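In: Any chance you can model this:
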Amino acid sequence: MNLILDRQSPTPLVKQLAAQLQAWIELRRLRPGSRLPSIRQLAQEQAVSRSCVIEAYDRLVASGVLEARHGAGFFVAEQRFSEPLQDLPVRDESFDNRWQQFADDQNDLLNLCCGWVPSGWRPSEAIAQAVRQVSRGPVQDLIDYSPPMGLASLRSQLHKGLGQIGVQVSPQQILTTQGASHALDLLVRALLKPGDKVLVESPGYYNLYSLLRQHGVEMLHVPRTASGPDLDVLEALLRQHRPRCLYINSLYHNPTGSSLTPKVAYRLLELAREYDVQIIEDDIYADFQDGAVTRLATLDAEQRVIYLASFSKTLSSSLRIGYLVAAPALIARLAELKMVTGLGNSRFTEQVVAQLLATGAYRKSVARLRPRLAQHMAKALGQLEACGWQVFTEPYGGMFVWARCPGRDFASLNRQALACSVLLAPGSAFDPQGRASDWLRINVAYAQDQRAQAFFQRTMRDSGVAPVEDHQG
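Out: Coordinates of the predicted model:
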């Protein structure tokens, strides 16, 4: 168990220990009933008193994370997952949110691994203006649910936006959701049953892995390359296992930052037709697009691609608005399931997003965001190179770089990062099986912070890398 306790911090060791234990449980995806180290063992490993460990465990028991079994020790609580999953809407508490909470508990560390842009980059004034505008409207917009398919005004705006990026569909093929995680959950419930097999990318999206695991779906792992999924591995798995679906992050892939090339995209569609596979294309970073890109949904002539996106990365995570695009028959099934599991979206939040789209405020916001991210991407890539880091690929958009410091494992890098008040996430979090990895997801929007700069410089000094002039400025 790799925990880092800062004895110079004003935060009590008990609080640090409890917070890090909870984060460790979540990151390692420990199942209910998993046994934690004994009080004596953990006290020895962390060089703290037994009373410190006892109090930390007691806090986690009180919060429902652990349960104590007399004479046996402490275990991950069964009640955390005791409710029947099939009767519950998906929870929106993602890995990113849990990791941010951990960062907040650790004296406001710089979350260099997070999955969003800084709050100061968001169009807060435009959002506030839209909220005021909607608040002055009909009272039902403040208190009612949206229709099952979503507000007509919002779906009309989404239809226009999809047409502008080459996704040609009718408004009847669009369903609003409570973010991308909700969309994924609806699709799993509608299309899959326990024991079904699906293809997922590795590395990839940890929340998807957890969702599929909870529904008893078997994951087949396809390595992600700089140009998309490894086609040779993909075809072999299709031939051997005949899976139901392929989940793919086409553009600005999380966490590698890579994007599909046209050659790979066309071959994926050929394989989907040959092996009768449904493709679920997660385009949550769609609005980071800057220049020509390749989307499967724009090339799909046979409706084998289900397309989903969200406004959480570019507008606001709190508004919880995403959307799905699929064949009308499937959209009808998903709309019914959406009502059964959650009764519908907030009419108020859908009105706010529709207002931002209709007035052009959202378009102006992302137009400012794209070049800003591009500048930070260029600077981060130059600085990583100067400090001796290796990058998986040089992204041409988005906010993620998948990088590693050769010869260094996560534990040693994490110690250096914490010394610079920087929070990292282990590469194992992005692996379907949680296997150890020395690769790290770096959010370039935060890489110019002084704490991140100090961390990169420290890794360069400790690795003995000679300084390289940074031509990115």
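In: give me every residue that touches the residue at the greatest distance from the centre of the chain.
Out: Seen from the C-alpha centroid of the chain, the residue lying at the greatest distance (CA atoms, centre = their mean) is Gly71, 39.3 Å away. By CB atoms under 8 Å, 6 or more residues apart in numbering, Gly71 lies in contact with nothing. Just so you know, the C-beta spots here come from the backbone N, C-alpha and C atoms, and that holds for glycine as well.
In: Give me the pLDDT value at it.
Out: With respect to pLDDT, Gly71 has a value of 72.
In: ditto for Ile165
Out: 89.
In: neighbours around it, how many?
Out: 16 (other CB atoms under 10 Å).
In: got the contact list for it?
Out: Counting by CB under 8 Å, 6+ apart, the residues that Ile165 touches are 286, 289, 295, 298.
In: can you redo the residues you listed as CSV with distance to Ala378 and neighbour count?
Out: Formatted as CSV, these follow (distance: CB to CB, whole Å; neighbours: other CB atoms under 10 Å):
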residue, distance to Ala378, neighbour count
Ala286, 21, 26
Gln289, 17, 18
Arg295, 24, 21
Thr298, 27, 17
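In: In JSON lines, list the residues you listed along with pLDDT and distance to Gly115.
Out: Output for those, formatted as JSON lines (pLDDT from 0 to 100; distance: CB to CB, whole Å):
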{"residue": "Ala286", "pLDDT": "84", "distance to Gly115": "15"}
{"residue": "Gln289", "pLDDT": "82", "distance to Gly115": "18"}
{"residue": "Arg295", "pLDDT": "92", "distance to Gly115": "21"}
{"residue": "Thr298", "pLDDT": "91", "distance to Gly115": "25"}
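In: which residues of this protein score low on pLDDT?
Out: 1-2, 27-29, 78-108, 462-473 (pLDDT under 70).
In: can you list contacts of the strand ranked longest in it?
Out: Secondary structure of the chain per DSSP state E: the longest strand is strand 218-225. Outside strand 218-225, the residues that touch it by CB under 8 Å, 6+ apart are 195-204, 209, 212-213, 229-230, 233-234, 237, 241, 243, 246, 253, 256, 258, 432-433.
In: Would you mark the buried spots in it?
Out: Residues of strand 218-225 classed as buried: 219-222, 224-225 (neighbour count, 16 or more other CB atoms under 10 Å).
In: who does the very next helix or strand once past it pair up with?
Out: Tracing the chain past strand 218-225, the next element assigned as helix or strand by DSSP states H and E is strand 228-229. Taking DSSP bridges as the criterion, strand 228-229 sits next to strand 218-225 (antiparallel) in its sheet.
In: And the protein, split by domain according to the record?
Out: Per automatic domain parsing, the domain ranges recorded for the chain read 13-82, 99-121+364-463, 124-360.
In: now the strands: where do they sit in the stretch 101-250 of the chain?
Out: All strands of the stretch 101-250 of the chain, identified by DSSP state E, counting those that start in this stretch, fall at 110-111, 174-177, 197-202, 218-225, 228-229, 245-248.
In: Ok, which of these comes nearest Pro138?
Out: strand 174-177 (18.8 Å; CB to CB).
In: That closest one pairs with which strands?
Out: By DSSP bridges, strand 174-177 pairs with strand 322-325 (antiparallel).
In: the helices in the stretch 351-473 of the chain, which residues?
Out: 361-386, 410-419, 450-463 (DSSP state H, counting those that start in this stretch).
In: sorry, that was for the stretch 101-250 of the chain
Out: 124-135, 140-143, 152-164, 179-191, 206-214, 231-241.
In: And those: which comes nearest Leu36?
Out: helix 206-214 (19.9 Å).
In: Check which residues of the closest one are buried.
Out: Buried-residue list, helix 206-214, by 16+ other CB under 10 Å: 206-209, 211-212.
In: got the contact list for Leu440?
Out: Shown in contact with Leu440 (CB under 8 Å, 6+ apart): 113, 402-404, 410, 413, 424-427.
In: Please tell me how far the closest residue to Gly344 other than its chain neighbours sits from Val444.
Out: Of all residues not flanking Gly344 in the chain, Tyr145 sits nearest, at 3.7 Å (CB to CB, 6 or more residues apart in numbering). Separation of Tyr145 from Val444 (CB to CB, to the nearest Å): 38 Å.
In: of those two, who's got more company?
Out: Val444 (26 against 15).
In: Surely the more buried one is in contact with Met377?
Out: Yes: contact criterion CB atoms under 8 Å: Val444 and Met377 qualify, at 4.8 Å.
In: Quickly list what's touching both of the two.
Out: 399, 401.
In: And for Pro148, the neighbour number?
Out: 18.
In: Ala436 now?
Out: 11.
In: Isn't it up against Ser428?
Out: Yes: look at Ala436 against Ser428 with CB under 8 Å: they come within range, at 5.3 Å.
In: what residues do the two have in common as contacts?
Out: Common neighbours of Ala436 and Ser428 (CB under 8 Å, 6+ apart) are Phe410.
In: rewinding a little: redo the buried residues of strand 218-225 as CSV? Include distance to Phe455.
Out: Converted to CSV, the buried residues of strand 218-225 look like this (distance: CB to CB, whole Å):
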residue, distance to Phe455
Met219, 33
Leu220, 36
His221, 31
Val222, 32
Arg224, 26
Thr225, 28
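In: Could you identify the most distant pair in those?
Out: Met219 and Thr225 (18.4 Å).
In: returning to that earlier point: next, the angle from the longest strand of the chain to strand 197-202.
Out: 30 degrees (axes from the mean of the first three to the mean of the last three CA atoms, to 10 degrees).
In: starting at the chain centroid, how far to strand 218-225?
Out: 17 Å (CA atoms, centre = their mean, to the nearest Å).
In: what's Gly145 in contact with, if anything?
Out: Residue 145: Tyr, not Gly. 343-347.
In: Can you tell me which of those residues is closest to Pro123?
Out: Ser346 (19.3 Å).
In: burial of the closest one, as a residue count?
Out: 18.
In: With the one 10 residues further on instead?
Out: Residues within reach of Leu356, counting by other CB under 10 Å, total 26.
In: swap in Gln453?
Out: 15.
In: Look up how far Cys245 lies from it.
Out: 42 Å.
In: coming back round to it: and the contacts of Tyr145, which is closest to Leu21?
Out: Ser346 (34.7 Å).
In: Please look at the closest one and Val352 and confirm they touch.
Out: No: using CB under 8 Å, Ser346 is not in contact with Val352; the gap is 9.1 Å.
In: Tell me which residues touch Val117, please.
Out: Per CB under 8 Å, 6+ apart, neighbours of Val117: 313-314, 369, 373, 399, 445.
In: Got the phi and psi for it?
Out: When read as degrees, to the nearest 10, the backbone of Val117 gives phi -90, psi 160.
In: just curious, which of the buried residues of strand 218-225 is nearest to Leu42?
Out: For the buried residues of strand 218-225, the nearest to Leu42 is Met219 (31.8 Å; CB to CB).
In: Next one: the closest one relative to Val293, how far apart?
Out: 27 Å.
In: Same check on Val353?
Out: 23 Å.
In: Pick out whichever of these two has more residues nearby.
Out: For Val353 versus Val293, neighbours defined as other CB under 10 Å are more numerous around Val353 (27 against 21).
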